[in-house]
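Engineer: any chance you can model this:
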Amino acid sequence: MIQAAFPKLLRSQIAFDIARTIRDGFDKHYRLFRQTSQRARQLFEQGAWSESQRVARERIGFYDQRVQECVHTLEDEYDPAELTDEVWRELKLHYIGMLSDHKQPELAETFFNSVCCNILHRSYFHNEFIFVRPVVSTEYIETEEIAPTYRVYYPGTDGLHYTLKRVITNFQLATKFANLTRDVAQIEGRLRTLFGGIKLEPNHQIHVLSSLFFRNKGAYIVGKGINGNKEYPFVVPILHNKHGELILDTVLFDHEQITILFSFTRAYFLVDMEVPSAYVQFLRTLLPRKPRSEIYTILGLQKQGKTLFYRDYLQHLKHSSDLFDIAPGIRGLVMLVFALPSFPYVFKVIKDFFPSPKETTRALIKEKYLLVKHHDRVGRMADTLEYSNVAFPRHRFSEELIAELKHFAPSLLEEEGDQLIIKHLYIERRMVPLNMWLTNADQDHDDLQIEHGVLEYGNAIKELVAANIFPGDMLYKNFGVTRHQRVVFYDYDEIEYITDCNFRVIPEARTEEEEMASEPWYPIGKYDVFPEQFGRFLLGNAKIRKYFMKHHSDLLTQAWWQARKQRILDGYVEDVFPYPQHIRFCNQHTTPPAAIQPPFMETLENE
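Structural biologist: The predicted model follows:
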């Protein structure tokens, strides 16, 4: 189509062939991506949790594998002399034409960028050669499969109970439910409480996404109730009980609880989507404050998330004037962290050298961050965006920050005219460091905040342990507090698998000299951990110690850690729920009224 419109412009067969190779490379990637999501359903039905985790980890690497395959093909088949600037310009136009009826055009554009940026010098990273701006619209893309993006139900016609039962059974899960009628009745009861004070309009409906969302040991039904011009999101988790039968565990309709379910601190969902942009558009009606970049990321399309994040960042930079500066908090030994005050993220650069007692390398630190990217973060580790060769306007950097970069990371810094190029960095959601949060609460004599911070800190560690992660450096400065007041770990250079650690009790001294020695008299291996020592570094503040001993004294015992390690070695996959325990149907008798009648029901009008 485009070639007919521009016969004189598009005359390079090489450009056409390269465009087709890149498009075919993307189509292969997305076909495998969907097959993995379909496999997740089978593994959920079988209760094959370890295999499910393995599949989820492997899927994260699919994108880079397909990009490198495509790059190698192009490098093998074409001589660099053939790839003139004119060919690269035509290449993009041919590619646009190939996406006119595509179901994932925005993802295909990003794949094109990834391939080209592996071949081209960064001086070509502008819209003439790559998709700095999107070209193909994702509006109104129609699905070709029998199942639409979402299903519509009319409870006014069929009754709420029957409608909810249809919602569940339409997914046609191969595993039987323990008592579907009972569970549906419990959901109906919660929703009737919600809608009890709301006048139902003639056109009230329920919309439910056609694919289940799989993660860890759960499958999630995601939908919304529509009543007139107001929309009410809900999520129903499906779990296995101890007999291997399915149960509906609860229904989430609190805005904050649903936001946390889709948090940047959790593993990516596995969802079978023919038209991913339609899923993102639907989810944005549930989570209008969450940027599209985070929604794509949580759906496992993290490269598209990176693309959209960077576009949002460029727009923010264009419309702001504040300076990048060193981030507040205790400065780390491994990372130099800076931030733009008006932007809710921090930028982390690995230093060129590390003072004692740190014994690590840049390569090892990258491995740790990659481990976290591929691991189940269970809501307690921040996801990171990794970038290379990022250009910053030099005049937006404080002189102190430039001096710090030149001193601590000169190998990663390059000046090019009025730009600073940072060759490698991580970008993370900004949080309040827990040490600062606790200090402020102590200064304000706010014991409730201190107790909440300590309780969350211990819960974060216990949930990380459940996911086979030992934080390594457990100091409060390595944890942050999110806007939902959840404590999240974000310093990864010392993390290890729990199963690699050797949890020990400090042996009793044999002599008075050994007892009084300034250095341990007993041998300590690389992976040895002595939990009884944690209190020496963590519990200097009397109030913190009081609440820590109240809620988490077990963290100071070798027996607790060793028992958790043994469970993992025995093959047990722990349950880590991304919602409060008290709202689960199995704990219905303890559900407080506030959980059943939440004041959260903010409509799109109010947001």
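Engineer: three-state assignment of Gly244?
Structural biologist: Classification of Gly244 by DSSP: H, G, I helix; E, B strand; the rest coil places it in coil.
Engineer: from here on, call the first residue 17.
Structural biologist: I'll keep to 17 as the first residue from here, and by that count the last item is Gly260.
Engineer: for it, list the residues it contacts.
Structural biologist: Shown in contact with Gly260 (Cβ atoms under 8 Å, 6 or more residues apart in numbering): Gly63, Thr191. Using the backbone N, CA and C atoms, a C-beta is placed for each residue, glycine as well.
Engineer: swap in 7 Å and give it another go.
Structural biologist: Gly63 (Cβ atoms under 7 Å, 6 or more residues apart in numbering).
Engineer: now do the one 3 residues further on
Structural biologist: Under the criterion of Cβ under 7 Å, 6+ apart, the contact list for Ile263 reads Phe193, Ala194, Asp199, Leu255, Asn257.
Engineer: show me the longest helix that occurs in the protein.
Structural biologist: What stands out as the longest helix in the chain, according to DSSP state H, is helix 29-62.
Engineer: what packs against that helix?
Structural biologist: Packed against helix 29-62 by the contact rule (3 or more Cβ pairs under 7 Å, 6 or more residues apart in numbering; DSSP states H and E) you find helix 65-76, helix 78-93, helix 101-114, helix 121-135, strand 229-231.
Engineer: phi and psi next, for the spatially most central residue of the chain.
Structural biologist: Centroid-nearest residue in the chain, with Cα atoms, centre = their mean: Phe280, separated by 3.6 Å. Main-chain dihedrals, Phe280, degrees, to the nearest 10: phi -70, psi -10.
Engineer: next, the contact list for it, please.
Structural biologist: By Cβ under 7 Å, 6+ apart, the residues touching Phe280 are Glu310, Ala398, Asp399, Arg445.
Engineer: show me which pair in these is furthest apart.
Structural biologist: Glu310 and Ala398 (12.0 Å; Cβ to Cβ).
Engineer: those two: who's more crowded?
Structural biologist: More crowded of Glu310 and Ala398, by other Cβ atoms under 10 Å: Ala398, with 22 against 19.
Engineer: tell me how far the nearest residue to that one once chain neighbours are set aside lies from Lys108.
Structural biologist: Nearest residue to Ala398, sequence neighbours excluded (Cβ to Cβ, 6 or more residues apart in numbering): Tyr506, at 4.5 Å. With distances taken as Cβ to Cβ, to the nearest Å, Tyr506 is found 38 Å from Lys108.
Engineer: likewise His256?
Structural biologist: Distance from His256 to Lys108, counting by Cβ to Cβ: 48 Å.
Engineer: regarding Ile242, what is its secondary structure?
Structural biologist: Quick answer, by three-state DSSP: Ile242 is strand.
Engineer: which pLDDT does the model give it?
Structural biologist: pLDDT for Ile242: 88.
Engineer: any idea how far Leu228 is from the closest residue in space to it that isn't next to it in sequence?
Structural biologist: Leaving aside its sequence neighbours, Ile242 sits nearest to Gln221 (Cβ to Cβ, 6+ apart; 4.6 Å). According to Cβ to Cβ, Gln221 and Leu228 sit 20 Å apart.
Engineer: compare those two and say which is more crowded by neighbours.
Structural biologist: Neighbour count, other Cβ under 10 Å: between Gln221 and Leu228, Leu228 has more, with 22 against 16.
Engineer: any idea which element the residue lying closest to the more buried one once chain neighbours are set aside lies in?
Structural biologist: Using Cβ to Cβ, 6+ apart and skipping the chain neighbours, the partner closest in space to Leu228 is Ala235 (4.5 Å). Assigned by DSSP states H and E, Ala235 falls within strand 234-243.
Engineer: tell me if I'm right that Leu491 and Phe550 touch.
Structural biologist: No: taking contacts as Cβ atoms under 7 Å, Leu491 lies outside contact range of Phe550: 10.1 Å.
Engineer: more crowded one of those two?
Structural biologist: Remark: of Leu491 and Phe550, Phe550 carries more neighbours, 17 against 14, as counted by other Cβ under 10 Å.
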